[in-house]
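Student: Build me a structure from this.
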Amino acid sequence: MEHSQSEMNILSNGKSYDLVDDVGVSMKTPLEDDQFDDPDGGLENEEFLPSADGKKPVHFTDFEGKTSFGMSVFNLGNAIMGSGILGLAYAMANTGILLFLFLLTAVAALSSYSIHLLLKSSGIVGIRAYEQLGFRAFGIPGKMAAGIAITLQNIGAMSSYLYIVKSELPLVIQAFLKADPNADLWYLNGNYLVIMVSASIILPLALMKQLGYLGYTSGFSLSCMVFFLTAVIYKKFQILCPFEEFSANSTEVHHSLNVSILSEDHSLAHQDDSHCTPHMFTINSQTAYTIPILAFAFVCHPEVLPIYTELRNPTKKKMQKVSNISIFVMYTMYFLAALFGYLTFYDKVEPELLHTYSRIDPYDTLILCVRVAVLTAVTLTVPIVLFPVRRAIQQMLFPTKSFSWLRHTIIALVLLTIINMLVIFAPNILGIFGIIGATSAPCLIFIFPAVFYIRIVPNDKEPMNSTPKILAACFAALGVSFMIMSLSFIINDWTTGSSNGGGGH
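Tutor: Reported below is the predicted structural model:
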């Protein structure tokens, strides 16, 4: 397959190649045949693109990788963690504990395998940009397809985060100020608040040149989600089933939850408390949505290669370890949040877990603090997700241009403006981003890593009938099936007029 000379020139003798990186610097590195079989590095050496003079190599970016292992774990973990954690208890209620655990484990393992394919493909050709892998595999169409999928997926994710800001921040301010919910106050207007948050917090972080610096905000964001998980576990032992829902007509607005639940009210004895029994396996009309919810909750693949680029002394083995640790930590948090949320409300749990707590006591101080923590987490996640979108746009529109602060800033401003307009003016974007999620997420997780691997790995090293390529082909087929299934659910949801509030990433 022929490629543009400006992008790369790979010599077929397997001994050396020239590459032009993002800033137009040509580099050459030896490729020995026996390196391909190196289980730890593929075609990478310990110091990716080593130089002959012994100096620290120039990485495939406009700066040297400076991010530590721990910060890289924070960054990738924060990229995985999203608003989808709020919907996992609802997913468990519609699958049962054991079926949910099986599906969660399967999706986490598949995500790790997908990252393995990306890293191996990256190591073979010395490319650390998702879009450039697409170019190496399929030329300009592959590059554009990857760039568009990344852009759509992450714009959808950022919009979902800012929707949480728009809907939850006014409630938090209202609770703190004891404001009249019917008052027409500008600081209770979600549209104004989302613009203020975008301009004062998100934009300055998004203007940073290096993703690695956001490791500090990533760590704080993850700590907020740990607080959310801790509160969910604590509330399981405070809220007893069957529970009484908060009544808006009650004269005692701040009535203690414990008094309400623990009072000797024998009228509850006749209630059917069958919903207080956990189910191991459940199949109903909502079960089919669980796989999309779980898959979207593990979308982090556009961020893998940028984080790999900025990792200090990067190797494929080291980055795979970063990925595995991040996925395992998120896997554990996801399961615990889903389990204790489900065991608190059972089949009464709502698609967004925090709303369910509000049915018990909307003035609960702990849950109010949790809302603040979740708002903080999603706000600090937006800059992390914006980085690969900006990189994708630069790869598609300015592939040979050197770094420019002006272009760097303008792209961030335009992206945040578009996302804010979507959040403010779109009457209902759930269907739009449902389509985006059902198409771009399977491409980024399943289809692209597999087909890129199949195309990039030389057939003389791994023929098409080899086990790794057969597995990759099956992985791509799984992604296609997932895409068709997700689109079918959404179209059926539209045609039947039913509504699903399930989670997303």
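Student: Would you confirm that residue 485 contacts residue 291?
Tutor: Yes: contact criterion Cβ atoms under 8 Å: residue 485 and residue 291 qualify, at 7.4 Å. The way it works is simple: take the backbone N, C-alpha and C, and place the C-beta from them, glycine included.
Student: ok, these two, which is more surrounded?
Tutor: residue 291 (18 against 15; other Cβ atoms under 10 Å).
Student: In the protein, where is pLDDT below threshold?
Tutor: Counting by pLDDT under 70, the chain shows low-confidence ranges at 1-65, 82-83, 179-183, 210-218, 242-274, 285-286, 288-289, 426-435, 437, 497-505.
Student: Let's see that with 50 instead.
Tutor: 1-63, 248-272, 499-505 (pLDDT under 50).
Student: what ranges do the strands span in it?
Tutor: 8-10, 16-20, 26-30 (DSSP state E).
Student: Look up how far residue 419 lies from the closest residue to residue 389 other than its chain neighbours.
Tutor: Excluding the flanking residues, the one nearest residue 389 by Cβ to Cβ, 6 or more residues apart in numbering is residue 154, at 4.6 Å. Going from residue 154 to residue 419 by Cβ to Cβ, to the nearest Å gives 10 Å.
Student: Compare these two (neighbour count), which wins?
Tutor: residue 154 (29 against 25).
Student: surely that one meets residue 385?
Tutor: Yes: Residue 154 lies in contact with residue 385 (Cβ under 8 Å); the separation is 4.8 Å.
Student: what comes up buried for stretch 361-379?
Tutor: By neighbour count with 16 or more other Cβ atoms under 10 Å, stretch 361-379 contains the buried residues 361, 364, 367-368, 370-379.
Student: Can you tell me what sits against that stretch?
Tutor: 81-83, 86, 161-162, 164-165, 168-169, 171-172, 175-176, 197, 201-202, 220-222, 224-225, 227-228, 231, 234-235, 246, 253-254, 257, 354, 357-358 (Cβ atoms under 8 Å, 6 or more residues apart in numbering).
Student: Among the residues you listed, the buried ones, what's the ChimeraX command?
Tutor: In ChimeraX syntax, the buried subset of those is picked out as below (16+ other Cβ under 10 Å):
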select :81,82,83,86,161,162,164,165,168,169,171,172,175,197,201,202,221,222,224,225,227,228,231,235,246,257,354,357,358
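Student: Give me the subset of the contacts of stretch 361-379 that lies in helices.
Tutor: 161-162, 164-165, 168-169, 171-172, 175-176, 197, 220-222, 224-225, 227-228, 231, 234-235, 257, 354, 357-358 (DSSP state H).
Student: Give the full set of residues in contact with residue 330.
Tutor: With Cβ under 8 Å, 6+ apart, residue 330 has these contacts: 77, 80, 81, 108, 297, 298.
Student: what sits in contact with each of residue 154 and residue 419?
Tutor: Joint contacts of residue 154 and residue 419 (Cβ under 8 Å, 6+ apart) do not exist.
Student: Let me know the closest of the contacts of residue 330 to residue 92.
Tutor: Taking Cβ to Cβ as the measure, residue 92 lies nearest residue 297 of the contacts of residue 330, at 12.5 Å.
Student: measure that closest one to residue 493 for me?
Tutor: 19 Å.
Student: Looking at those two, which is more packed in?
Tutor: The residue with more neighbours, out of residue 297 and residue 493, is residue 297; 27 against 16, by other Cβ under 10 Å.
Student: Pretty sure the more buried one sits against residue 85.
Tutor: Yes: between residue 297 and residue 85 there is a contact at 7.0 Å, judged by Cβ under 8 Å.
Student: if I look at the nearest residue to residue 142 once chain neighbours are set aside, how far off is residue 127?
Tutor: Residue nearest to residue 142 in three dimensions, not counting chain neighbours: residue 134, with 3.5 Å by Cβ to Cβ, 6+ apart. Going from residue 134 to residue 127 by Cβ to Cβ gives 10 Å.
Student: again, but for residue 482
Tutor: Residue 482 sits 26 Å away from residue 127, going by Cβ to Cβ.
Student: Tell me which of those two has more neighbours.
Tutor: Counting neighbours by other Cβ under 10 Å for residue 482 and for residue 127 shows that residue 127 has the greater number, 24 against 20.
Student: That one touches residue 136, doesn't it?
Tutor: Yes: in this structure residue 127 lies within contact range of residue 136 using Cβ under 8 Å: 6.0 Å.
Student: how much space between the residue nearest to residue 297 when sequence neighbours are not counted and residue 491?
Tutor: Leaving aside its chain neighbours, residue 297 sits nearest to residue 84 (3.7 Å; criterion: Cβ to Cβ, 6+ apart). Distance, residue 84 to residue 491, by Cβ to Cβ: 22 Å.
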